[in-house]
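*Asks:* Quick one: sequence and predicted model below, then my questions.
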Amino acid sequence: DMLATITPIHPVPSPASPAAAYIAGMAPRSRRTMRGALDVAAGILCEGATSGTLPWHLLRAEHLSALRSALAERYAPATANLYLSALRGVMRAAWRMGLLTQEDLARAEDVPPVRGMRLPAGRALSREELTALATACRIASPPAGARDLALLAALYGCGLRRSEVVGLDIGDVDIESGTLRVLGKGNKERLCHLPPWGALYLAGWIAARDLEPGP
């Protein structure tokens, strides 16, 4: 075990929680993802540990280097670097809380990311497949068909992420202008414009749903 050669870390709660401080500073939609990343990292660093039990203030550059090697063997570069980014974020939180020295933080941040690239998963849908999906939605029992057409309109017509679509509220929709106010990564808002067919599908769902406040 590559981690057996460095200073061991035992799974006991830290005197303070830099992991909790790091997660608390994020947008609500990012917290679950990064908590999961920290749980994975904690489990690799110390068997049985979680983000809530690993004493993050004891981490040093050698732990980050060993974790980098372990992650590179198990995950695609983008995923491995997400976990490393979470770890660096916790270490910065530990430094701000006075639990880590500036020198130890600088050494940890000097550990390079995992190199490489993977082709994105999945593939583009053909026009025939999109037409088949829309047809299936039209013949589905109401109101599910209207809802699914609206989902297609937002996903394909605006290129939204899944998390962005499920985060939409009725107040984020302007049917007259065909725009959606979307909360994306980094808690940043942007306006997305639906194509005419997409605005029509969305209007059909809102007519079935009504204008009551909510998702």
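*Replies:* Nice, thanks for sending it over.

*Asks:* Give me the longest helix you can find in the protein.
*Replies:* The helix that spans the most residues within the chain, counting by DSSP state H, is helix 77-96.

*Asks:* contacting residues around stretch 86-105?
*Replies:* Outside stretch 86-105, the residues that touch it by CB atoms under 8 Å, 6 or more residues apart in numbering are 14-16, 18-19, 21-22, 25, 34, 37-38, 41, 56-57, 59-61, 64, 67, 108-109. Heads up, the C-betas are built off the backbone N, CA and C, glycines and all.

*Asks:* List only buried entries from those.
*Replies:* Among the contacts of stretch 86-105, those buried by neighbour count (16 or more other CB atoms under 10 Å) are 14, 16, 18-19, 21-22, 34, 37-38, 41, 56-57, 59-61, 64, 67, 108.

*Asks:* all helices for this structure, in order.
*Replies:* Remark: helices assigned in the chain by DSSP H are 18-24, 28-45, 61-74, 77-96, 102-109, 127-139, 144-152, 162-166, 196-209.

*Asks:* which stretch among those helices comes nearest G178?
*Replies:* Minimum separation from G178 across the helices of the chain (CB to CB) falls at helix 196-209, 3.8 Å.

*Asks:* re the thing from before, just want the angle from the longest helix of the chain to helix 28-45.
*Replies:* Inter-element angle recorded for helix 77-96 and helix 28-45: 90 degrees (by axes from the mean of the first three to the mean of the last three CA atoms, to 10 degrees).

*Asks:* For helix 77-96, output the C-alpha coordinates as CSV.
*Replies:* Extracted in CSV, the C-alpha atoms of helix 77-96 (Å, rounded to 0.1, in the frame of the first residue of the first chain):
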residue,chain,number,x,y,z
PRO,A,77,-8.1,12.6,-15.2
ALA,A,78,-11.1,15.0,-14.8
THR,A,79,-12.5,12.9,-11.9
ALA,A,80,-9.2,12.5,-10.2
ASN,A,81,-8.5,16.3,-10.5
LEU,A,82,-11.9,17.0,-9.0
TYR,A,83,-11.0,15.0,-5.9
LEU,A,84,-7.6,16.7,-5.7
SER,A,85,-9.3,20.1,-6.0
ALA,A,86,-11.6,19.2,-3.1
LEU,A,87,-8.6,18.2,-1.0
ARG,A,88,-6.7,21.4,-1.8
GLY,A,89,-9.9,23.4,-0.9
VAL,A,90,-10.1,21.7,2.5
MET,A,91,-6.4,22.4,3.1
ARG,A,92,-6.9,26.0,2.3
ALA,A,93,-9.8,26.1,4.8
ALA,A,94,-7.5,24.5,7.4
TRP,A,95,-4.9,27.2,6.8
ARG,A,96,-7.4,29.9,7.2
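
*Asks:* what is the rounded mean pLDDT of it?
*Replies:* Taken as a whole, helix 77-96 has a mean pLDDT of 92.

*Asks:* All set, thanks.
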